[in-house]
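**Student:** Provided below are the primary sequence and the corresponding predicted coordinates.
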Amino acid sequence: MGTLKQTYWLLWKDVLLEIRRRETLLSMFFFGTVLLFLFHFSFEIPREQTARMAPGLLWLAFIFTGTLALTQLFQGEKESRCLDALLLCPMDRGALYLAKVFFNLIMMVVVEVVIFPLFGVLFNLDFWRLLPSLFFVVLLGTIGFCVLGTLFSALTLRARAKELLLPLILFPLMIPAILGTVRAMQILLGAGPGQEFYPWLRLLIGFDVIFMTAGFLIFEWVIEE
Amino acid sequence: MEATAQTSKGKSARILGWLAVIAILLGLYVGLIFAPPDKFQGQLQRIMYLHIPSILTAYLAFFIVFVGSCLYLWKGEPRDDILAHSAAEVGVLFTALTILEGSIWGRPTWGVWWTWDARLTLTAILLLIFVGYLMLRALTEDESRAAVSGAVLGIIGFFDIPLIHMSVKWFRTLHQQASILQPDKAPWENVAPPMLAALGINFVGFVLLFFYLLSLRLRLGETTQEIKRLKLYGRS
């Protein structure tokens, strides 16, 4: 079986589990909604400031809910000792990494698809025409978040207080992707100089490619018993 | 046999320590007394003689973390891991010192203790990354796991630094432009020779101090491991 096919089956296993349980997805979705309310009460954003602040708030909501998913990412495997079985399988460790990256990506994208319009409605932001391009930028950022996050989720698997540790080591390293996503979205919403859009986009793509490759190659050591 | 090796190691570490003390004292003399005050910043500029050497030393430390991490993943020698771990600890110390010195300089110059300028932000992020590194290691109980985790984070962190640098630079820049290395002039045309000398001597002193601290920390790591081994298997 090729790496891609292995990835597909591993991914399918996780998707199927989530379809049947729906625990993580639901808690992510509600947590995201709660965050939007908290943002509203903490900032009370004036109408003319919405375009400038929306990208940051949205992206914060996405990475906080994403972190929730990341801490659960290998939990099932660990509890049922499925991880040992997977490691015994004669398969590419990289496939396991890719499957987990795509699984987390799917979860986050599903949540984002709901939160995005909800944000527009709650904060009175008229961005419907721009939604596809905004979503494209967020997707690039989310990929970056998932490639690095999956690696660190596996890294902290056997550490104490891993839910606390994960954001601590992940967020500082995520700064290029966070800055890139927020800035590119601001530019799309007309709150930034237009000529800076493509450099930020290139930075995001570079970030995704570099760490997806690094994660794929290095995962073998990360997951080894 | 082992005992003699230990004492000779201890001796060379002590020599390194004394050399560091001498170089830093000399550098402080040249920097604080011999070199003239700066044309624009006056006496205040003298903090640079500590600021630049400490950040360069911190960069050296994080480079050693990267090298040690790569070597550990490649060969699996515990020695390389102890090297990376020790360098990270000493590097965190020097980065924290750099931020502190910068803050002391920034208050009278810029009027604030802290500003979100690109290089400041980068240094602070560097500190956060390597504090995270130390936390990860401290919270992972299984030692070989901690070593592998640390090595992976050390490598990923190293590759991330240029990206962080680029992004925060695009985000904002207000820092004092580099005054020594300018493309069209030789260093001694921009900066008075005594100033350069103070900087150079202090840099040498800081590097010596770094290696002294590193060797102490390395010995500590090796000893800890040896004690653990003895506890487990007894004297073999």
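**Tutor:** Thanks, I have the structure now.
**Student:** Kindly report the residues of chain A close to chain B.
**Tutor:** Counting by Cβ under 8 Å from any Cβ of the partner chain, the residues of chain A lying close to chain B are A:148, A:151-152, A:155-156, A:158-162, A:165, A:168-169, A:172-173, A:175-176, A:179-180, A:183, A:196, A:199-200, A:203, A:206-207, A:210-211, A:214, A:218, A:221-222, A:224. Backbone N, C-alpha and C define where each C-beta goes, glycine included.
**Student:** Please put the alpha-carbon coordinates of the helix-or-strand element of chain A with minimal mean pLDDT into CSV.
**Tutor:** Least confident helix or strand, chain A: helix A:75-79 with a mean of 81, by mean pLDDT, DSSP states H and E. What follows is helix A:75-79, C-alpha atoms only, in CSV (Å, rounded to 0.1, in the frame of the first residue of the first chain):
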residue,chain,number,x,y,z
GLN,A,75,-6.0,10.7,22.9
GLY,A,76,-8.2,7.9,21.5
GLU,A,77,-5.1,6.1,20.2
LYS,A,78,-3.4,6.4,23.5
GLU,A,79,-6.3,5.3,25.7
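**Student:** what's in contact with it?
**Tutor:** With Cβ atoms under 8 Å, 6 or more residues apart in numbering or on different chains as the test, helix A:75-79 has contacts from A:17, A:82-83, A:86, A:157.
**Student:** Narrow those residues to just the buried residues.
**Tutor:** A:83, A:86, A:157 (16 or more other Cβ atoms under 10 Å in any protein chain shown).
**Student:** Can I get these in CSV including pLDDT and secondary structure?
**Tutor:** Rendered in CSV, the data for these read as follows (pLDDT from 0 to 100; DSSP: H, G, I helix; E, B strand; the rest coil):
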residue, pLDDT, secondary structure
A:83, 83, helix
A:86, 83, helix
A:157, 86, coil
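**Student:** where do the helices sit along the chain?
**Tutor:** Using chain A here. Here chain A has its helices, by DSSP state H, at A:3-21, A:23-43, A:50-72, A:75-79, A:82-88, A:93-122, A:131-155, A:162-188, A:197-223.
**Student:** Chain B, not that one
**Tutor:** B:2-29, B:48-75, B:78-110, B:118-139, B:143-171, B:187-190, B:193-233.
**Student:** what's the nearest residue to the residue sitting nearest the centre point of chain B if we skip its chain neighbours?
**Tutor:** When chain B is reduced to its mean C-alpha position, the nearest residue by Cα atoms, centre = their mean turns out to be residue B:58, at 2.0 Å. Of all residues not flanking residue B:58 in the chain, residue B:94 sits nearest, at 4.0 Å (Cβ to Cβ, 6 or more residues apart in numbering or on different chains).
**Student:** Hmm, the one you found is touching residue B:54, no?
**Tutor:** Yes - counting by Cβ atoms under 8 Å, residue B:94 touches residue B:54, with 5.1 Å between them.
**Student:** any shared contact partners between the two?
**Tutor:** residue B:206.
**Student:** Measure how far the least confident helix or strand of chain A is from the centre of its chain, please.
**Tutor:** 20 Å (Cα atoms, centre = their mean, to the nearest Å).
**Student:** That concludes my questions; thank you for your assistance.
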